[in-house]
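Enquirer: pasting the structure only:
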């Protein structure tokens, strides 16, 4: 069964600092990968996705993620965070066919002005 | 296009009662998934429905059940509520096809259940 690990549970950064959130998954086959974000008081929404092709994918609000197949990783990055990036971030993976979407436990990011 | 709508948004129940939560997916989306979100546990998969058929089921006890109607709307039911069932229940729809779906989910705002 597929599983997802997010190593950082709570991250505190100052504005303009760089961000990298780790995500590793366990599944030997082809997967689709996602990062979702949940801003305070809002519903979960898609930040970016990887299906195939260029392993460096760009999402909304300046976020990007890199798929490294050999490391089973899909880390999320942003060069300079803003206070408005304060949210909880979830990594998710889906194998092919009828497999469910499996989420990590989430990382709470707090950006200090 | 309207998003995923979940009702009720908040509810309080006592142990032993049952609860039914409703989800209306985005128009044209035939797949509906349900997740339980609790602090520290992330999103735990409950089940997925596609064209009125349960296509996937998570590791929850039989007290948790669901169904999907011909218009793709879905309901989930929890019977004999326990304190540990207190959580945010999220519904997500997706543009699935018969052979599966990409996994891109569109979430509702959730139904926050408190069990006293």
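Expert: Everything's here; your move. What you see is a predicted model, and the numbers here were worked out from it, not measured in a lab.

Enquirer: can we go C-alpha only for contacts and neighbour counts from here?
Expert: Noted.

Enquirer: let me know the helix or strand that the residue nearest the centre of chain A is in.
Expert: What sits nearest the mean C-alpha location of chain A, by Cα atoms, centre = their mean, is residue A:35, with 3.5 Å. For residue A:35, the element it lies in under DSSP states H and E is strand A:31-38.

Enquirer: ok, that strand: who's next to it in the sheet?
Expert: strand A:45-50 (antiparallel), strand A:87-95 (antiparallel) (DSSP bridges).

Enquirer: who's in contact with it?
Expert: Residues outside strand A:31-38 that contact it (Cα atoms under 8 Å, 6 or more residues apart in numbering or on different chains) are A:44-52, A:74, A:76, A:87-96, B:102-104.

Enquirer: and if you look at stretch B:26-43?
Expert: A:102-106, B:1-4, B:25, B:44-51, B:72-74, B:87-97.

Enquirer: now do the strand holding residue A:35: distance to the chain's middle.
Expert: Centroid separation for strand A:31-38 versus its chain: 6 Å, with Cα atoms, centre = their mean, to the nearest Å.

Enquirer: can you check stretch A:43-58 too?
Expert: That offset, for stretch A:43-58, works out to 8 Å (Cα atoms, centre = their mean).

Enquirer: next, count neighbours for the residue in chain B that chain A sits nearest to.
Expert: As assessed by Cα to the nearest Cα, chain A sits closest to residue B:42 within chain B, at 3.9 Å. Using other Cα atoms under 10 Å in any protein chain shown, residue B:42 has 16 other residues around it.

Enquirer: same deal with residue B:63?
Expert: Around residue B:63 there are 11 residues (other Cα under 10 Å).

Enquirer: from what I see, residue B:13 and residue B:114 are in contact.
Expert: Yes. In this structure, residue B:13 is within contact of residue B:114 by Cα atoms under 8 Å, at 6.2 Å.

Enquirer: which one of the two has more residues nearby?
Expert: Neighbour count, other Cα under 10 Å: between residue B:13 and residue B:114, residue B:114 has more, with 19 against 16.

Enquirer: could you find the closest non-adjacent residue to the residue nearest the centre of chain B?
Expert: In chain B, the C-alpha nearest the mean C-alpha coordinate belongs to residue B:34, at 2.9 Å (Cα atoms, centre = their mean). In this structure, residue B:34 finds its nearest non-sequential neighbour in residue B:91, 4.6 Å apart by Cα to Cα, 6 or more residues apart in numbering or on different chains.

Enquirer: perfect, I'm done here.
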